[in-house]
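>>> here is the input, now give the coordinates:
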Amino acid sequence: MDKEQPCRCHWVDLSKPDYVAYHDNEWGVPVHDDDKLFEFLTLESAQAGLSWYTILKRRDEYRKAFANFDVNKVATFNEQDVEKLIQNSGIIRNRKKIEAAINNAVKFIEIQQEFGSFSKYMWSFVDHKTLVRDINSPDDYLATNNISDNFSKDLKKRGFKFVGSTICYAHLQACGVINDHANNCYRKLQIINQFNQ
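The predicted model follows:
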């Protein structure tokens, strides 16, 4: 009864349905919604030094802990909220990462005010068009590139924290700014065709 599995990127662990669903439905799909972008940025920052799956399986807990990623609410979190979050076993209890998420919410709003949306700002780094990369083997994947370097540098200049180039590259991949699906992955062409790249 099982249909034959379509070809997917090599890094997808097929034994983890939530990981497969993330790859199939979200990873690499162009995101222009600021709420979603704030969610991804917060989760990517929390990932620093950890595996993405460690964060992915805690995503629902992060949603609850960070006001459903409402950037305006998170920006108002205070020291009391930080202490409460540090006691929350559903998320990564790292004070610096928690404080960074709150700090980044404030800076995220500043970018929205300056550019009209965080999406417009972020997509300007690729001239508002997805960079489709040629991925034939695991060796073709990058940890950073000049786009993530520039994005990271500018975010840091604006006061963001936990936004090194590697984190920024992962964020740009997740949000479809960079399409890093393998050439033989069934999602690569679907996404390209859907978004007229």
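
>>> what's the single longest helix in the protein?
helix 95-115 (DSSP state H).

>>> quick one: buried residues of it?
The neighbour-count check on helix 95-115 (16 or more other C-beta atoms under 10 Å) flags 97-109, 111-112 as buried. Heads up, the C-betas are built off the backbone N, CA and C, glycines and all.

>>> just the mean pLDDT for that helix, thanks.
For helix 95-115, mean pLDDT rounds to 98.

>>> output the helix or strand following that helix in CSV with nothing but the alpha carbons.
Per DSSP states H and E, the first helix or strand lying C-terminal to helix 95-115 is helix 118-123. The C-alpha coordinates for helix 118-123 follow below in CSV (Å, rounded to 0.1, in the frame of the first residue of the first chain):
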residue,chain,number,x,y,z
PHE,A,118,11.6,42.5,7.2
SER,A,119,10.8,40.5,4.0
LYS,A,120,11.7,43.5,1.7
TYR,A,121,14.9,44.0,3.6
MET,A,122,16.0,40.3,3.6
TRP,A,123,15.1,39.7,0.0
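
>>> tell me which element the nearest residue to His181 once chain neighbours are set aside falls in.
Spatial nearest neighbour of His181, chain neighbours left out: Lys188 (3.7 Å); criterion: C-beta to C-beta, 6 or more residues apart in numbering. Using DSSP H and E, Lys188 sits in helix 186-194.

>>> what segments of the chain are strands?
With DSSP state E as the criterion, the chain has strands at 131-132, 178-179.

>>> nearest to Ala75, out of these?
Nearest of the strands of the chain to Ala75, taken as C-beta to C-beta: strand 178-179 at 27.6 Å.

>>> contact partners for Cys185?
Contacts for Cys185 (C-beta atoms under 8 Å, 6 or more residues apart in numbering) come out as 7-9.

>>> so how do I select the buried members of these in ChimeraX?
Only the buried entries of those go into this ChimeraX selection, using 16+ other C-beta under 10 Å:
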select :8,9
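
>>> Val82: how many residues sit nearby?
14 (other C-beta atoms under 10 Å).

>>> over to Asn25?
Neighbour number of Asn25 under other C-beta under 10 Å is 9.

>>> how about Asp134?
8.

>>> give me the phi and psi for it.
With angles defined as degrees, to the nearest 10, Asp134 sits at phi -90, psi 100.

>>> ok, it touching Asn184?
No: if you go by C-beta atoms under 8 Å, Asp134 and Asn184 don't touch, sitting 11.7 Å apart.

>>> now do stretch 24-44: distance to the chain's middle.
5 Å (C-alpha atoms, centre = their mean, to the nearest Å).

>>> what's the end-to-end length of it?
End-to-end distance for stretch 24-44, by C-alpha to C-alpha, to the nearest Å: 18 Å.

>>> report the rounded mean pLDDT for it.
So the average pLDDT for stretch 24-44 ends up being 97.
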